[in-house]
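J.: I would like the atomic coordinates for the input below:
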Amino acid sequence: MGQQEWMVLVTAATPVLELRGAIPLGLALGLPITTVLLLSYIGNILPVPFILLIIGWVMEQLKRIPAVHAWLEDKAQRGGDKLYDSMKKWGWLGLLIFVAIPLPGTGAWTGALAASVLRLPFWPSLLSIAGGVVIAGILVSGVGLGVLSLF
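T.: Below you'll find the predicted structure:
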């Protein structure tokens, strides 16, 4: 694997950028779409099991710091209630759709964090996030290819 392929893989594994940044990068570098999609998917899904498994423990440790605890509680109350309500209403489909929407603040990292905070079971969460990443990849690559065809 060359330097360009590693750039795509690492970009996809990075929070915020994720696959939404890796696919346009790979296409701009001139890599084949199949390579870009595969590397972007692997890079984006790679951190998810670790987030699902350890973030709960990390959050509990952070809650021991009073200032961090207050900040986390405030964040959870403001955004978590809406997410929790939609998860109750839509179930795993809600998590899949949330991850699939290629907008800032959605994606595999945020979906995994939400699933952990809401204490959703590991395997259904992982499968929902994986499905959402596939859909996001299709959407982002379609837009990316459309933009590249203009040039």
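J.: CA only for contacts and neighbour counts going forward, please
T.: Noted.
J.: ok, and what's touching stretch 35-48?
T.: Contact with stretch 35-48 is made by 5, 8-14, 18-19, 22-23, 26-27, 108-109, 112, 126, 130, 133-134, 137, 141, as judged by CA atoms under 8 Å, 6 or more residues apart in numbering.
J.: same thing but at 7 Å, please
T.: Contact partners of stretch 35-48, identified using CA atoms under 7 Å, 6 or more residues apart in numbering, comprise 8-10, 12-13, 18-19, 22-23, 26-27, 108-109, 112, 130, 133, 137.
J.: out of those residues, which are buried?
T.: Buried positions within those, assessed by neighbour count (16 or more other CA atoms under 10 Å), are 8-10, 12-13, 18-19, 22-23, 26-27, 108-109, 112, 130, 133, 137.
J.: what ranges of this structure fall below the confidence cut-off?
T.: Confidence mapping of the chain against pLDDT under 70 gives the ranges 73, 75-84, 87-88, 144-151.
J.: Would you map the helices across it?
T.: 3-13, 18-28, 33-45, 48-62, 66-75, 81-90, 92-100, 108-117, 122-149 (DSSP state H).
J.: buried residues in the fourth one?
T.: So that's helix 48-62. 48, 51, 52, 55, 56.
J.: what's the spacing between the first one and residue 15?
T.: Think residue 48. Computed as CA to CA, to the nearest Å, the residue 48 to residue 15 distance reads 11 Å.
J.: which residues are common contacts for the two?
T.: When contacts are counted by CA under 7 Å, 6+ apart, residue 48 and residue 15 are jointly contacted by residue 109.
J.: What's the local residue count around residue 7?
T.: The tally of other residues near residue 7 (other CA atoms under 10 Å) stands at 16.
J.: ok, now the one 4 residues further on?
T.: Around residue 11 sit 24 other residues, with neighbours defined as other CA under 10 Å.
J.: which residue is nearest the centroid of the chain?
T.: residue 108 (1.6 Å; CA atoms, centre = their mean).
J.: Pretty sure that residue sits against residue 129.
T.: Yes. Under the criterion of CA atoms under 7 Å, residue 108 is in contact with residue 129, at a separation of 5.9 Å.
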